[in-house]
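Asks: Please find the sequence and the predicted model below.
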Amino acid sequence: MSALGGAAAGGEGINPTGTVVGIVILLVSIAATYALGFSIIPLIGIIIGGALIGFGVHFVPVGGAPAAMGQAPGIATGVAMLAAGAGLAGLFGGAWAYEATGDFAVAIAGGAVGGGLMMAITCMMVNATYVFAMGIPAASGKVDKDPITGDTFPAYKSQGTEGHGLPFISFFGGVIGGLIAGLGGTLIYIELLEIYHVGLPAIMQADAAAIEPLAISMAGILAIGFFLVNAVLAAYNITGTIEGPHDPKFKRVPRAVIGCAVASAFCGFISMLIVLNTGM
Amino acid sequence: MEASEGGMPHNTLMIYGIVVAVVGTYLTYLNVVTGIAVFSFFGGIAAIAALWWGSDTIKHLCSYGLGTGVPSAGMVAFGSGAIAMIAGTKFGLASPIVTLILAAILGAVIGYIANSIINMNIPVMVTSLMEMAVVGAMTMLGFAAMCTGTFMFSGLVVGGMTLSMEPSAGAAGGAQTFLVTVLPEFAGSLIGGAALAVIFFLGAMALQHPFNACLGPNESQDRTLMLAIEVGFLSMFVVAVMSYAFLDLVSATVGVAISLIGWFYSYKQYIALSKRDAYDWLDAKPIREVGGDQ
């Protein structure tokens, strides 16, 4: 919030020192996981899932408060809320598909479709509200021509605004973002479920079938936690609003991918401590 | 940069928050010592202390231009806090302390990532996200302790016991005998039943709301913090209602009564502080109808 003063931070470019330290944290997390005797394959899956979430969030057209007043293009809410909505919709879809089929590929695809569908419905209803309720046409402020449809914007853009509504490229970006973020979230959930499926019966000396609900709930809650951490890191990278893949801010995406991968690696390591036999 | 002038210094507030949160969580251990669960409500008090401190941390973090809105800070607090809290409860009697340390480490790493890899370059980022993760973890641990009466992993994952009877091998005399074993029931527990997810969002809403509602040029610390207490008691009330599923009737009712009294008192205080800070206080009246033809 800049309401209290203070300049908006977040310059362009990659910070070399920070990135190197981050990669060291990532490698140490993997090494520590290996040293404690866990398989590192689930952790690699969690890292990839986190990086996908960080990547996918950048596609989602986020307008924030200016969009609610029709002064900026995008969906009128914050990045974290939108990403959480799309990701959790994907997560539920993927979790249900995994429960029903037990097939990895179907579950991942289910998660991606769930997230993409949620974003498609959101974008469509947002545009319906913009066009029929607020009476504003879709016009991007960052580009003059839609890269996909070739529609021109300047003639429709109101003076004093950064554009308004939800042009096709933003709609497209939203659906792609939902697909990728939903896929990443589901991947994290499935990898966590694999860890707890094997680990929890061993440390609690209980029947695997009896402990199934516990493994599912714990993987679900932790997957939500992972998703929110990654989504907020991506949101911090965006700093406010983004129109979609055509926005100049999209060039910042490598930072978010590295950051989310490191955060997921460390969080993944902590979440494995749950199935570590501490003797208590 | 101070978001609002005057009031309690942030470090003093943080120390009070940590001490009350840890001591309050430990006081729920009186349940085990005395054998009755009426001390569970101390977990809720611990959570409110953490939320009270967290609201002030959010204020410091969000007075820099994050550009993502106040709620995102609450979300990252509880996202990282949930991971630290579930891992921390594994450590028996040391759980509250271990949760605090794990959350601080996790928050410091996420803060470093946000500050140096994402390039936010905000001076208070690392300490703030560290505090936020601790607030998230301690709030969830406090509410979980209030809901189930314990802060230990075994209590949070085992909902109850069922008896399993299997016919055993024919005993002497041909009488039918059964082998009775006690099986723990996991699906009816706080974590196994995913009731922890409700606590997750109850806490996240209570953390992100106070500063989001009070921010602006006329923001004052005591009013924001009173709102944090008020929303905390409101979340505590819902947790107290949830605790009917895990605790006995008397203990859960004690929780409901304390949270309702606390909420009523803090709400009255908050309204009084709002009236103090407002330029004028006008009661809304219905729109007047203009009579006759015009």
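Replies: Thanks, I have the structure now. Given the structure is predicted, the values throughout are model-derived calculations rather than measurements. Numbering: from 1, shown residues only, chains lettered A, B, ... in the order given.

Asks: Please make it C-alpha for all contacts and neighbour counts, starting now.
Replies: Fine.

Asks: Just give me the longest helix of the chain.
Replies: Looking at chain A here, since you left the chain open. Among the elements of chain A assigned as helix by DSSP state H, the one spanning the most residues is helix A:168-204.

Asks: looking at chain B here, not the other one
Replies: Ranked by residue count and defined by DSSP H, the top helix of chain B is helix B:249-277.

Asks: Give the closest residue to A:S170 in space, chain neighbours not counted.
Replies: A:G244 (5.0 Å; CA to CA, 6 or more residues apart in numbering or on different chains).

Asks: List the residues that contact that neighbour.
Replies: With contacts defined as CA atoms under 8 Å, 6 or more residues apart in numbering or on different chains, A:G244 is in contact with A:58-62, A:169-170, A:173-174, A:250.

Asks: For B:G65, give its distance to chain A.
Replies: Distance of B:G65 to chain A, computed by CA to the nearest CA, to the nearest Å: 4 Å.

Asks: Could you check the pLDDT of that residue?
Replies: Model confidence at B:G65, given as pLDDT, is 72.

Asks: The one 3 residues further on now?
Replies: Looking at B:T68, its pLDDT reads 76.

Asks: Could you do B:R288 as well?
Replies: Checking the pLDDT column for B:R288, the value is 76.

Asks: can you tell me the average pLDDT over the longest helix of chain A?
Replies: When pLDDT is averaged over helix A:168-204, the result is 90.

Asks: Return the angle between stretch directions for the next helix or strand after it and helix A:168-204.
Replies: Proceeding N to C from helix A:168-204, the next assigned helix or strand is helix A:208-238, under DSSP states H and E. Using axes from the mean of the first three to the mean of the last three CA atoms, to 10 degrees, one finds that helix A:208-238 and helix A:168-204 are set 140 degrees apart in direction.

Asks: who does the helix or strand just after helix A:208-238 touch, helix- and strand-wise?
Replies: The helix or strand immediately downstream of helix A:208-238 is helix A:253-272, counting by DSSP H and E. Here helix A:253-272 touches helix A:16-35, helix A:41-57, helix A:208-238, helix B:71-88, helix B:95-112, going by 3 or more CA pairs under 8 Å, 6 or more residues apart in numbering or on different chains; DSSP states H and E.

Asks: how many other residues sit next to the residue lying closest to A:P201 once chain neighbours are set aside?
Replies: Counting by CA to CA, 6+ apart, the nearest residue to A:P201 once its immediate chain neighbours are dropped is A:A208, at 5.4 Å. The tally of other residues near A:A208 (other CA atoms under 10 Å in any protein chain shown) stands at 16.

Asks: same question, the one 5 residues further on
Replies: A:P213 is surrounded by 21 other residues when neighbours are defined as other CA under 10 Å.

Asks: OK, contacts around it?
Replies: Applying CA under 8 Å, 6+ apart, one finds that A:P213 lies in contact with B:186-187, B:192-193.

Asks: Could I get these in a markdown table, plus columns for distance to B:P286?
Replies: Output for the contacts of A:P213, formatted as a markdown table (distance: CA to CA, whole Å):
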| residue | distance to B:P286 |
| --- | --- |
| B:F186 | 54 |
| B:A187 | 51 |
| B:G192 | 50 |
| B:G193 | 47 |
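
Asks: Residue of the stretch 1-150 of chain B nearest chain A, please.
Replies: Nearest to chain A, among the residues of the stretch 1-150 of chain B, is B:G79, at 3.6 Å (CA to the nearest CA).

Asks: Quick check: which of the helices and strands packed on helix A:253-272 is buried the most?
Replies: Stretch with highest mean neighbour count among the helices and strands packed on helix A:253-272: helix B:71-88 (a mean of 29; mean count of other CA atoms under 10 Å in any protein chain shown).

Asks: how far out from the middle of the chain is it?
Replies: Here helix B:71-88 is found 11 Å from its chain centre; the criterion is CA atoms, centre = their mean, to the nearest Å.

Asks: elements contacting it?
Replies: On the basis of 3+ CA pairs under 8 Å, 6+ apart, helix B:71-88 makes packing contacts with helix A:79-101, helix A:208-238, helix A:253-272, helix B:95-112, helix B:125-148, helix B:195-214.

Asks: number of nearby residues for B:R288?
Replies: B:R288: 6 surrounding residues under other CA under 10 Å.

Asks: Tell me where the model's unsure across the stretch 51-200 of chain B.
Replies: Judged against pLDDT under 70, the low-scoring parts of the stretch 51-200 of chain B cover residues B:160-177.

Asks: picking up where we left off before, among the contacts of A:P213, name the ones in strands.
Replies: When DSSP state E defines the strands, the subset of those inside them is empty.

Asks: For chain A, which residue occupies the most central location?
Replies: Note on chain A: the residue nearest the mean C-alpha position is A:I53, at 3.4 Å, using CA atoms, centre = their mean.

Asks: do you know how far that one is from A:T122?
Replies: 18 Å (CA to CA, to the nearest Å).

Asks: ok, and the closest non-adjacent residue to B:P96?
Replies: Nearest non-adjacent residue to B:P96, counting by CA to CA, 6+ apart: B:V22, 6.3 Å away.
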